[in-house]
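**Q** structure for this input, please:
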Amino acid sequence: MSRKDALDWIKQVLVCSRGAELPGNFNPFLIGELFWEQSQNCEKKAKNHVEHISSLCRTFVYDILNDICPSDVARRLKSSSVVDSLRKRLVEAKEELDKLLTDKRRKPVTYNHYYTMTIQKRRRDRAQAEIEESVNGAKTEVVIQSKGYRSVTDPAKLCTLIEGKVEKDMDKLSASDALDALEAYYKVCSEAVYFHSTPCSGFFFLNLPLLHQPLTTDITWVFI
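**A** Numbering: from 1, shown residues only. The predicted structure is shown next:
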């Protein structure tokens, strides 16, 4: 989605979520509504991902058993503790995912300074691009005595171009600020999920040597 399309989408939601805020600002609940709408497909994709990883891990373990065990032993192991253990790990992975999804459904909350840093960076980058555009637009050719033409910046024209960058559409200004906040919050949430949640495969491979005890089989070393 381009920034223009994103601003059009946010303006539509903005109109429907007006509160007591002054013109040019946005309702503090707007970021939550935008975030929930933007990430509405995440739940389905995340659940499919967990199921996919579970299937891959199960296939991996079965392949190991088939490779190093006689067929009757491999079949017996699959039908005993291996299946139950992998099934338990899938349940644990889904429970952890449910915790993350529950957090996602709550009102946006963050104390991560990267949120405000990201907002400032996006605004600064946009302001810098606008200034560079204005500087290039204010350049003009002047004659320097007999040395020919030289490109210089017309101060008056530059000021006029910069003043023309002021956004007078209050809804568009609000939507632009809301989009910056939304993108910053989305980035913070993405980093939080990556760094603070256990990798999906960990639920299936963690402590695999404990799947079997020496009393039941003599191939405990298979999973070491």
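**Q** now the helix or strand hosting Lys44: buried residues?
**A** Using DSSP states H and E, Lys44 sits in helix 42-68. Within helix 42-68, the residues that count as buried by 16 or more other C-beta atoms under 10 Å are Ala46, Val50, Ile53, Ser54, Cys57, Arg58, Val61, Tyr62, Leu65. Glycine gets a C-beta too; all of them are placed from N, C-alpha and C.
**Q** closest to Ser174 out of the residues you listed?
**A** Closest approach to Ser174 among the buried residues of helix 42-68 (C-beta to C-beta): Ala46, at 31.3 Å.
**Q** just give the closest residue to that closest one, not the sequence neighbours.
**A** Nearest residue to Ala46, sequence neighbours excluded (C-beta to C-beta, 6 or more residues apart in numbering): Leu97, at 5.7 Å.
**Q** Val50 is in contact with that neighbour, correct?
**A** Yes. Under the criterion of C-beta atoms under 8 Å, Leu97 makes contact with Val50 at 5.8 Å.
**Q** where do the strands sit along this structure?
**A** With DSSP state E as the criterion, the chain has strands at 139-143, 149-153.
**Q** dump those into TSV; add mean pLDDT, mean neighbour count and distance to Lys104 as well.
**A** Output for the strands of the chain, formatted as TSV (pLDDT from 0 to 100; neighbours: other C-beta atoms under 10 Å; distance: least, C-beta to C-beta, whole Å):
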stretch	mean pLDDT	mean neighbour count	distance to Lys104
strand 139-143	78	10	49
strand 149-153	78	11	49
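**Q** for those, give me JSON lines that also has distance to Leu7.
**A** Below are these laid out as JSON lines (distance: least, C-beta to C-beta, whole Å):
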{"stretch": "strand 139-143", "distance to Leu7": "30"}
{"stretch": "strand 149-153", "distance to Leu7": "30"}
